[in-house]
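Q: can't give you the sequence, but here's the structure:
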């Protein structure tokens, strides 16, 4: 019997033993090019099995280049047994419960899609160091409390979450409850970036058009573009860039901005 003919559970165990007893993560980088099945099994093992303390022990270079692009996967696959503090998990669960009230699709698959979008927003808003610290040691004293009515407890956070999952009903419900749509939530970041990293043009446009101050729009566009480029989320990047270029008042400044993006 060939290795790839084995049941997926057994194949995953073999990959795990190989990575942690023989090859290590350096070998995993090479082995994932063998075929798609190897790549998926290795990816799941690297980012779906270990505790937050294990990832926190990585050096700064490994955190930046290895964990940085994959921290959303770590969050999505992270179960209660793999970290000490359940704050992020509890906050996401309460957020999903709030957002589901505005969704016609009440299936478990919809909840999972929402969770993945929130993981993307968190990984864009916080550094790897901040996320791992929260998983290991819990939130700070100033963190928003997790309550049943998250729309009242963390209104800005729920707005950013609604943007992340592209829920227009939730956005319209919460819009009048904040004085500025350019505010930054503690966990999910700004509304515009939360929508951008998840590729939601409709939500991003909805938010952008309701920002009142020109310099505010300029700065938030810059942050959203920079984050999308660093995280390789290019779905609505051309639209964001074209909006940003509208603030350039000369051909020279336009050329300099484009050159900066190219570099």
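A: Looks like it came in fine. Treat the numbers as computed from the prediction; the structure is a model and nothing was measured. Numbering: from 1, shown residues only.

Q: show me where pLDDT drops low in the stretch 101-250 of the chain?
A: Applying pLDDT under 70 to the stretch 101-250 of the chain flags the ranges 213-215.

Q: what ranges do the helices span in it?
A: With DSSP state H, counting those that start in this stretch as the criterion, the stretch 101-250 of the chain has helices at 108-125, 128-137, 150-153, 155-165, 168-175, 191-197, 201-208, 214-231, 237-245.

Q: now the ones you listed in CSV, please, with extra columns for distance to residue 78 and mean neighbour count.
A: (Glycine included, C-beta is placed from N, CA and C.) Shown next, in CSV, are the helices of the stretch 101-250 of the chain (distance: least, CB to CB, whole Å; neighbours: other CB atoms under 10 Å):
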stretch, distance to residue 78, mean neighbour count
helix 108-125, 9, 20
helix 128-137, 7, 19
helix 150-153, 20, 17
helix 155-165, 18, 27
helix 168-175, 25, 18
helix 191-197, 19, 31
helix 201-208, 26, 20
helix 214-231, 19, 17
helix 237-245, 28, 15
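
Q: so which of these comes closest to residue 67?
A: helix 128-137 (5.0 Å; CB to CB).

Q: which secondary structure elements does the closest one contact?
A: Contacts defined by 3 or more CB pairs under 8 Å, 6 or more residues apart in numbering; DSSP states H and E place helix 128-137 against helix 52-56, helix 71-77, helix 87-100.

Q: before we move on, back to that, please convert the helices of the stretch 101-250 of the chain to CSV, extending it with distance to residue 42.
A: Output for the helices of the stretch 101-250 of the chain, formatted as CSV (distance: least, CB to CB, whole Å):
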stretch, distance to residue 42
helix 108-125, 20
helix 128-137, 20
helix 150-153, 36
helix 155-165, 28
helix 168-175, 37
helix 191-197, 25
helix 201-208, 33
helix 214-231, 21
helix 237-245, 29
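
Q: these: which one's closest to residue 49?
A: Distance to residue 49, taken as CB to CB, is lowest for helix 128-137 among those, at 14.8 Å.

Q: re earlier: just send the helices and strands packed on helix 128-137 back as JSON lines, with distance to residue 234 and mean neighbour count too.
A: Output for those, formatted as JSON lines (distance: least, CB to CB, whole Å; neighbours: other CB under 10 Å):
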{"stretch": "helix 52-56", "distance to residue 234": "26", "mean neighbour count": "18"}
{"stretch": "helix 71-77", "distance to residue 234": "16", "mean neighbour count": "21"}
{"stretch": "helix 87-100", "distance to residue 234": "25", "mean neighbour count": "20"}
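
Q: of the helices of the stretch 101-250 of the chain, which approaches residue 50 most closely?
A: Here helix 128-137 is closest among these (CB to CB), at 11.3 Å.

Q: tell me the domain boundaries of this structure?
A: Using automatic domain parsing, the domain parsing of the chain gives 1-49, 51-262.

Q: chain center to the longest one, what's the gap?
A: Average the C-alpha atoms of domain 51-262, do the same for its chain, and the two points are 6 Å apart (CA atoms, centre = their mean, to the nearest Å).

Q: now do the end-to-end distance for it.
A: Terminal residues of domain 51-262 lie 37 Å apart, using CA to CA, to the nearest Å.

Q: re the thing from before, tell me which of the helices and strands packed on helix 128-137 lies nearest to residue 127.
A: Taking the helices and strands packed on helix 128-137 one by one with CB to CB, helix 71-77 is closest: 9.0 Å.
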